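> The sequence isn't on hand, but the structure is:
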């Protein structure tokens, strides 16, 4: 049983052109099978940090280690890394000119080189699992926001990744569809997927995540067990943030279990 | 008052037909060559390697800022002084190189109009830059580029008339030859004009049909 | 097809409404020239030594001097205005009223006479050949028939009697039409054409400019009569010009002009010519 963390970040920094830091000196670990939630005000560098893990942003300082492998951005074959690290975007980014099924089949065939029949079987199974059985022939334009995001999750899962990254997966959804997506994410977590989730969904963070970190202005201000961070934040900045979030209805499906 | 002499024109029908064939010939060749050149240059402008981007940008800027007539003259009279080149190939090359620059810009605009998220999503699934372009970005960009590309092709058919200046016997030159014999500019050039119009209209309609086909999801 | 009113008006305007009316209701061209004191001459410069552009940009040549002579005969302080035109629409431009007389080394032919009226000839010449030295050896007794072979390319200027003669005499060789006589000569010079067909005076001069690469077959193989052209029905002007041409020759002016432009050629330095 491997006790090494699945994802490790040490002193990760990313500067933007112009000089200021998007992310500064962040150190954290994500254990295998753990769900870690990254929270913080907008502009705090949450997305940037997440995107460093799959190479969409390059590191200026620090290291990232995924499943024991250093991913030094100069020599790493990021294509290979990304086969193991799935990402779900706020904007879904489904391929519009292909059916839901095709969205899942294409990467399997092109990247993992699986035979088409096997890829199709996997795709159908995953679509079924996210609750979209029977809709595989639909085009993205014919799906609702919640359905699209579930297809996006299934698409990333089709690659059989070791880690799943979620960049505000429900922020672009109408409230009535947020639940269906969170349900899928919860079931994923329960099956033991290692997940890093950037989100404002306090309810999800509280009930599904094991640990949470709070980022502000690119710096990791506080980290700890999810419930502790949310119910009893230690730092003043985290406390101020939680108060703001919890006061507003959309900030917490606090009633969600 | 102008007296119409339509009766003098039909005897030149074979000549006009041959000229039409030549206009079509040079247009098709130039569209094909120009498109290849343009797609390559357009792709070069969006890919990550800087030296290739610079090369493509230089080509595009150069060709978009000089007249087509100049290009044809440079090739036929200029280069043609020490490298034998027929009027057909001088015109075809000139037209291709010239139009290629415009196609490159259309291709670039098409690709850049595709949301970055598409590329990011594809890359996040482990696809290489090349695979992402091939399977995801380029097909979407191609669909968007079709209307402006058609406009460019129609432009090229009209621009092919400049080949007359380097003695290629296409529609315009033959029209002028006929006119210099029968001195009836309206009859001659209205006829030539009708032929150009028909060619360009068919091209536009073909494109619209193709657009409709692609739009069906 | 029913032309719309605006289109009809456009057509009328373009054809120079007010073309010669048989009953002579409008003022005659001659009267207008005298009243305005401007003699507008239509010319296509490039045909040496008839009309050329010198290094200052002015038009000089045999035809230019003839034009000045004509203006002088009109008296009344009439001066010449040269209006440049492309060659193939030159008759159309005359009919459109852009100028009143074509004086441009133009051969009078029955076909052209269907569209305009010609004066008596003021010069007699014929077509000659400029040949590429690399492709053919000069020899006495070379005629145009010797060149009519498959694979031979003949350059001409679009719309000239040279083009017409070339199409008539060359059955097997390929005839190419270029925009200007110098383009056609350049084809021969560069070896893209075997030979060029054009009026003899031009060929003679051009061959001298590039003796290393070209030579001339000067014996004219057609007979051509250069004349001035006026709009159809402008008989008053045409008749008057005929008298002027007669005077030109009778007074010895023609001979003196011929000496200047064809024999002594002091003007060669004034005109920038392509070097060998």
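Looks like it arrived, so ask away. Owing to the predicted nature of the structure, the values given are computational and were not obtained by experimental measurement. Numbering: from 1, shown residues only, chains lettered A, B, ... in the order given.

> Could you list the low-confidence segments of the stretch 101-250 of chain A?
The model of the stretch 101-250 of chain A has pLDDT under 70 over residues A:248-250.

> Chain B now?
Counting by pLDDT under 70, chain B shows low-confidence ranges at B:1-2, B:216-217.

> Please list the residues of it that sit near chain C.
Counting by Cβ under 8 Å from any Cβ of the partner chain, chain B comes close to chain C at B:1-2, B:77, B:80-81, B:84, B:87, B:165, B:167, B:169, B:173, B:176-177, B:179-183, B:185-186. C-beta here means a position set from N, CA and C on the backbone, and glycine is covered the same way.

> give the contact list for the spatially most central residue of chain B.
In chain B, the centroid-proximal residue (Cα atoms, centre = their mean) is residue B:156; its distance is 3.5 Å. Each residue near residue B:156 by Cβ atoms under 8 Å, 6 or more residues apart in numbering or on different chains is listed here: B:27, B:30, B:31, B:34, B:95, B:99.

> which of those are buried?
Among the contacts of residue B:156, those buried by neighbour count (16 or more other Cβ atoms under 10 Å in any protein chain shown) are B:27, B:30, B:31, B:34, B:95, B:99.

> Quick check: nearest residue in space to the fifth one, chain neighbours excluded?
Going back to what we said before, that points to residue B:95. Leaving aside its chain neighbours, residue B:95 sits nearest to residue B:30 (3.8 Å; criterion: Cβ to Cβ, 6 or more residues apart in numbering or on different chains).

> Would you quantify the distance from the one you found to chain C?
Look at residue B:30 and chain C: by Cβ to the nearest Cβ, to the nearest Å, they are 21 Å apart.

> any idea how far that residue lies from residue B:155?
Residue B:30 sits 11 Å away from residue B:155, going by Cβ to Cβ, to the nearest Å.

> Need the buried ones among the contacts of residue B:156 in TSV (columns: distance to residue A:234).
Output for those, formatted as TSV (distance: Cβ to Cβ, whole Å):
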residue	distance to residue A:234
B:27	74
B:30	72
B:31	69
B:34	66
B:95	72
B:99	67
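
> Starting from the longest helix seen in chain A, tell me the next helix or strand along the chain.
Longest helix in chain A by number of residues (criterion: DSSP state H): helix A:175-190. Counting by DSSP states H and E, the next helix or strand C-terminal to helix A:175-190 is strand A:194-198.

> In its sheet, which strands sit next to that following strand, and in what direction?
Its sheet considered, strand A:194-198 pairs with strand A:35-39 (parallel), strand A:163-167 (parallel) by DSSP bridges.

> Quick one: the strands in chain C, in order.
Along chain C, counting by DSSP state E, strands occupy C:38-43, C:52-53, C:59-60, C:79-84, C:101-102, C:116-125, C:127-132, C:153-157, C:174-178, C:195-199, C:214-217, C:224-231.

> ok, the fourth one: who's next to it in the sheet?
It stands for strand C:79-84. Using DSSP bridges, strand C:79-84 pairs in its sheet with strand C:38-43 (parallel).

> OK, contacts around residue 48?
You didn't say which chain, so I picked chain A. For residue A:48, counting by Cβ under 8 Å, 6+ apart, the contacting residues are A:14, A:22, A:23, A:57, A:218.

> My question was about chain B, not that one.
Neighbours of residue B:48 in contact, by Cβ under 8 Å, 6+ apart: residue B:129.

> And the helices in the stretch 51-200 of chain C, which stretches?
Listed in chain order, the helices of the stretch 51-200 of chain C (DSSP state H, counting those that start in this stretch) span C:62-74, C:90-95, C:110-113, C:161-169, C:181-190, C:200-209.

> What helices and strands are in contact with the shortest one?
When contacts are defined as 3 or more Cβ pairs under 8 Å, 6 or more residues apart in numbering or on different chains; DSSP states H and E, helix C:110-113 sits against none of the other helices and strands.

> Give me the phi and psi for the residue positioned nearest the centre of chain C.
With distances taken as Cα atoms, centre = their mean, residue C:105 lies nearest the centre of chain C, 2.9 Å away. Backbone geometry at residue C:105, expressed as degrees, to the nearest 10, gives phi 60, psi 40.

> repeat for residue C:210
Dihedral pair for residue C:210: phi -140, psi 60, per degrees, to the nearest 10.

> same deal with residue A:54?
When read as degrees, to the nearest 10, the backbone of residue A:54 gives phi -110, psi 20.

> Any figure for the gap between the closest residue to it other than its chain neighbours and residue C:64?
Spatially, and ignoring its direct neighbours in sequence, residue A:54 is nearest to residue A:85 (4.6 Å; Cβ to Cβ, 6+ apart). Per Cβ to Cβ, residue A:85 is found 84 Å from residue C:64.

> ok, those two, which is more surrounded?
Between residue A:85 and residue C:64, residue A:85 has the larger neighbour count (other Cβ atoms under 10 Å in any protein chain shown), namely 27 against 24.

> what's across from the more buried one in the sheet?
Assessed by DSSP bridges, residue A:85 has beta-bridge partners residue A:163.

> the strands in chain A, which residues?
For chain A, applying DSSP E gives strands covering A:7-15, A:21-30, A:35-39, A:61-66, A:69-70, A:85-88, A:163-167, A:194-198, A:211-216, A:219-225.

> Pull up the pairing partners for the fifth one, direction included.
Each strand paired with strand A:69-70, and its direction, by DSSP bridges: strand A:61-66 (antiparallel).

> Any idea how far the strand it pairs with is from the middle of the chain?
Chain-centre distance of strand A:61-66: 18 Å, with Cα atoms, centre = their mean, to the nearest Å.

> What are the buried residues along that strand?
A:62, A:64, A:65, A:66.

> Equivalent analysis for stretch A:165-177, please.
By 16+ other Cβ under 10 Å, the buried positions in stretch A:165-177 come out as A:165, A:166, A:167, A:168, A:169, A:170, A:173, A:177.

> Would you format those residues as TSV with distance to residue B:151 included?
TSV is the format used below for the buried residues of stretch A:165-177 (distance: Cβ to Cβ, whole Å):
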residue	distance to residue B:151
A:165	42
A:166	43
A:167	39
A:168	40
A:169	41
A:170	42
A:173	39
A:177	41
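
> Check chain C for the residue nearest chain B and tell me.
Closest residue of chain C to chain B, Cβ to the nearest Cβ: residue C:159 (3.2 Å).

> Now do the contacts for that residue.
The contact partners of residue C:159, by Cβ under 8 Å, 6+ apart, come to B:176, B:177, B:179, B:180, C:87, C:88, C:177.

> What of residue A:13?
Listed by Cβ under 8 Å, 6+ apart, the contact set of residue A:13 reads A:21, A:23, A:24, A:25, A:26, A:59, A:60, A:61, A:62.

> rerun that using 7 Å as the cut-off
Listed by Cβ atoms under 7 Å, 6 or more residues apart in numbering or on different chains, the contact partners of residue A:13 are A:21, A:23, A:24, A:25, A:60, A:61, A:62.

> Let me know the distance separating it from chain B.
Distance of residue A:13 to chain B, computed by Cβ to the nearest Cβ: 22 Å.

> Now that residue: closest residue in space that isn't a chain neighbour?
Computed as Cβ to Cβ, 6+ apart, the closest residue to residue A:13 that is not its neighbour in sequence is residue A:61, at 3.9 Å.

> Settle this for me: that neighbour is touching residue A:14, isn't it.
No: assessed by Cβ atoms under 7 Å, residue A:61 is found out of contact with residue A:14, at 8.2 Å.
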